[in-house]
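Chemist: Sequence below, structure please.
(one chain, ligands or ions: 2)
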Amino acid sequence: MSKIIVRGGQRLSGTVRVHGAKNAVLPILAASVLASEGESEIADVPLLDDVLTIREVIASLGADVLHGEETMTIRAQRLTTYEPPHEMVRKMRASILVMGPLLARTGRVKIALPGGCAIGMRAIDQHLKGFEAMGVEITLGQGFIEAKVDGRLKGSKVYLDVASVGATENIMMAASLAEGTTIIENAAKEPEIVDLANYLNAMGAHVRGAGTDTIRIEGVESLHGVRHTVIPDRVEAGTYMIAAAITGGDVFIEGAIADHLAPVISKLQEMGVTVNEADNGLHVIADKPLKAVDVKTLPYPGFPTDMQSQMMSLLLVSDGTSIVTETIFENRFMHVEQFAKMNAQIRVDGRSAIVNGGMPLTGAKVTATDLRAGAALICAALVADGESEISGTHHIDRGYVNIAGKMAALGADIQRVEAVREAAAAAAPEPAPVAVIETVTFKREKEVAVRSAQPTWA
Ligand SMILES: CC(=O)N[C@H]1[C@@H](OP(=O)(O)OP(=O)(O)OC[C@H]2O[C@@H](n3ccc(=O)[nH]c3=O)[C@H](O)[C@@H]2O)O[C@H](CO)[C@@H](O)[C@@H]1O
Ligand SMILES: C=C(OP(=O)(O)O)C(=O)O
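Modeler: Numbering: from 1, shown residues only. Ligands and ions are numbered 1, 2, ... in the order given. Reported below is the predicted structural model:
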C-alpha cells in the first residue's frame, strides 16, 4: 500500500520527458504474437503495471519475452496455449487485445472477460461482432469467452456501431492474417491505431487507411518480427501540460507531439495558457489568470476522455463556470466526489459536470478512483492550500511512470510513501504499526530483464 503526499503551492518549471504511450504499447505487444518468424524488438516501452501484465499474458501463451530497461524483445514462433490465465486477463481491460492475434495464429481462444477501471460498462460486443463476421464461432461462458474458427479467418466488411479503439485494433490484428480483404467502417482514428498499423505493416501486413474512419486490410499468410519504437504518450504529456498550467508554471514537455494533442492545446490556449510548438516537444507557459471553458469528450480527434479529469482540475482554478460533458464512458465522474473533499464546487447532472471555478482548494485525504482520476487529484493537490494525501496509487501505476519523481524534478513538493507492515508486528492480533519509508522513486524502476520460463532462443 502506498500514498502520494503533495504540499501545494510550488510553481513547476523545467523539462519533463514523455514515455512511450501505454495505449500504443499494449496493442503492439499483443500484436507481436502474430509473428511466426523472427523477433520483434519494441523500443520506448514504459515500465507500467499494465505493461507488466501484458508481458505476463504474452509469455503465458508460450512467447519468449526479454524485458530490457525500455525495450521488450518477443519471439512468438511457438505458441503453446490459446488460453491465457484468467486471473492475469482479469487484471486489465487491454488483455482482450490478445484475442484477435490468438484467433489469427491458432484459430482458437479461451479468455476471461477483462477487468480494468470502473469507468463504465465497457462492452466488447463490437470486437465479437467483427470476429463473427470473419467466420468465428463464439460461445459465452460464466465470466469467459470461447471462440474458434475452422481454418483461416475470412476477410469481411465490418461496420462498428461505436468507433471503439479496442475493437478496431483487435479486428485489424486478426484481419492481418485472414484470407482476403477486411474493411472496417466507422473505425477509431486515434494515433495509437496508426502506430499499431505501422507496426503491423512493418511486420509484412497490408493495412491501409489507419487514422481515417475506413481501414482496409488485405490478409497475408504470415508475419515476421521487426523493430518498432512506440509513439510518445499523449495522455501523459497532456497531464504534465495541465500540471504546468495549474501551477502557473513554465514547463517543456519533451517528446509531446502537437498533432496528437490538438484539442488539449486549443482548450488550454482558450483558457489563456501559452503553448508553443518546438521540434521535439511543447513549451507550456501559464502567466495569466485562467478563463473557464466548456469541454466535451469525443473520439479522436475530439477532446480525449483520458484527459477529462485532469482538465477538470484546471477548470477548478479558472475564473467562471465551466461545463464538462463526458460522452465516451458513463461512469467517468468518480473524481468529482474526491475533488469535493478539497473544497471544489462541482454539480453532476447526467453526463455533464458543472464546475464552479475559482474557489480556493484545500489539501485533503483523497482516493484515486481510477487511473486518470489519480493524476487529476495530484494536479489539484499541486495548488491546494496545505497537504494532500492520495491513496489508490495502484491505479496511477497502471499508466504513469514515476509521476511523483517527475513532478518533484519540476519543483513540486511531492513524495511517494510506501507503508509496510513489519513482519513481527503483522502477526500480532492488534492492528500492526505502520512504518513509513519516504521515497520519490517508482518502486519497480530498477526491474529489468525478465525472461519467460524456458527461452527457446539463445
Ligand atoms: C488500452 C486503451 O487503449 N485504452 C483506451 C481505449 O479503451 P477501449 O479500447 O476499451 O475503449 P473503446 O473505444 O473500446 O470504448 C469506447 C466506448 O465504446 C463502448 N464500446 C466499446 C467496445 C465495444 O465492443 N462496445 C462498446 O459499446 C465502451 O463501453 C465505451 O463506452 O480507448 C478509450 C477511449 O478513447 C480510452 O479511454 C482508453 O484509455
Ligand atoms: C481508461 C484508460 O485505460 P484502460 O482502457 O486501459 O482502462 C486510460 O488510459 O485512461
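Chemist: So for Ile390, what's the pLDDT?
Modeler: Per-residue confidence (pLDDT) for Ile390: 98.
Chemist: That one: helix or strand, and which one exactly?
Modeler: strand 387-391 (DSSP states H and E).
Chemist: Can you list the buried residues in that strand?
Modeler: For strand 387-391, the neighbour count (16 or more other C-beta atoms under 10 Å) marks 388-391 as buried. For the C-beta atoms, the positions are set from N, CA and C on the backbone; glycine is no exception.
Chemist: possible to save these as TSV with distance to ligand 2?
Modeler: Below are the buried residues of strand 387-391 laid out as TSV (distance: C-beta to the nearest ligand atom, whole Å):
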residue	distance to ligand 2
Ser388	21
Glu389	22
Ile390	16
Ser391	19
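Chemist: Which two among those are spaced furthest apart?
Modeler: The largest separation in these, counting by C-beta to C-beta, is between Ser388 and Ser391 at 10.5 Å.
Chemist: what residues do those two have in common as contacts?
Modeler: Both Ser388 and Ser391 are contacted by 365-366, under the criterion C-beta atoms under 8 Å, 6 or more residues apart in numbering.
Chemist: which stretches of the stretch 201-350 of the chain form helices?
Modeler: 234-246, 262-271, 308-316, 334-340 (DSSP state H, counting those that start in this stretch).
Chemist: Ok, which of those helices comes nearest ligand 2?
Modeler: Among the helices of the stretch 201-350 of the chain, helix 234-246 comes nearest to ligand 2, with 6.2 Å by C-beta to the nearest ligand atom.
Chemist: Any residue of that closest one touching ligand 1?
Modeler: No. For helix 234-246, no contact with ligand 1 is found by C-beta under 6 Å from any ligand atom; the gap never falls below 7.3 Å.
Chemist: for that helix, packing partners?
Modeler: If contacts are counted by 3 or more C-beta pairs under 8 Å, 6 or more residues apart in numbering; DSSP states H and E, helix 234-246 sits against helix 22-31, strand 250-254, helix 262-271, strand 281-285, helix 308-316, helix 371-383, helix 403-409.
Chemist: residues contacting Glu83?
Modeler: By C-beta under 8 Å, 6+ apart, the neighbours of Glu83 are 109-111.
Chemist: near ligand 2, which residues of the chain show up?
Modeler: Going by C-beta under 6 Å from any ligand atom, the residues of the chain near ligand 2 are 23, 93-94, 116-117, 119, 306, 371-372, 399.
Chemist: Which single one of these is nearest to Leu223?
Modeler: Of the residues of the chain next to ligand 2, the one sitting nearest to Leu223 (C-beta to C-beta) turns out to be Ala94, at 20.3 Å.
Chemist: Can you tell me how far the closest one is from ligand 1?
Modeler: From Ala94 across to ligand 1, the span is 4 Å (C-beta to the nearest ligand atom, to the nearest Å).
Chemist: Correct me if wrong: that residue contacts Pro114.
Modeler: Yes. With contacts counted by C-beta atoms under 8 Å, Ala94 reaches Pro114, the gap being 7.3 Å.
Chemist: ok, the two, which is more surrounded?
Modeler: Ala94 (26 against 21; other C-beta atoms under 10 Å).
Chemist: show me the contacts for the nearest residue to Leu223 once chain neighbours are set aside.
Modeler: Leaving aside its sequence neighbours, Leu223 sits nearest to Met203 (C-beta to C-beta, 6 or more residues apart in numbering; 4.2 Å). Residues near Met203 by C-beta under 8 Å, 6+ apart: 31, 34-35, 40, 176, 223-226.
Chemist: just to revisit the earlier point, most neighbours, which of the contacts of Glu83?
Modeler: Most surrounded of the contacts of Glu83: other C-beta under 10 Å gives Val109, at 28 neighbours.
Chemist: measure Leu290 to Ala245 for me?
Modeler: 7 Å (C-beta to C-beta, to the nearest Å).
Chemist: Return every residue with contacts to both of the two.
Modeler: With C-beta under 8 Å, 6+ apart as the test, Leu290 and Ala245 both reach 271, 273, 314.
Chemist: Between the residues you listed, which sits nearest Val165?
Modeler: Using C-beta to C-beta, those come closest to Val165 at Leu314, 24.6 Å.
Chemist: For burial, what's the neighbour tally of the closest one?
Modeler: Neighbour number of Leu314 under other C-beta under 10 Å is 29.
Chemist: Let me see the domain layout of the protein.
Modeler: Residue ranges for the domains of the chain, per automatic domain parsing: 2-19+233-439, 22-229.
Chemist: Would you single out the least confident of the ones you listed?
Modeler: Lowest mean pLDDT of the domains of the chain: domain 2-19+233-439, a mean of 93.
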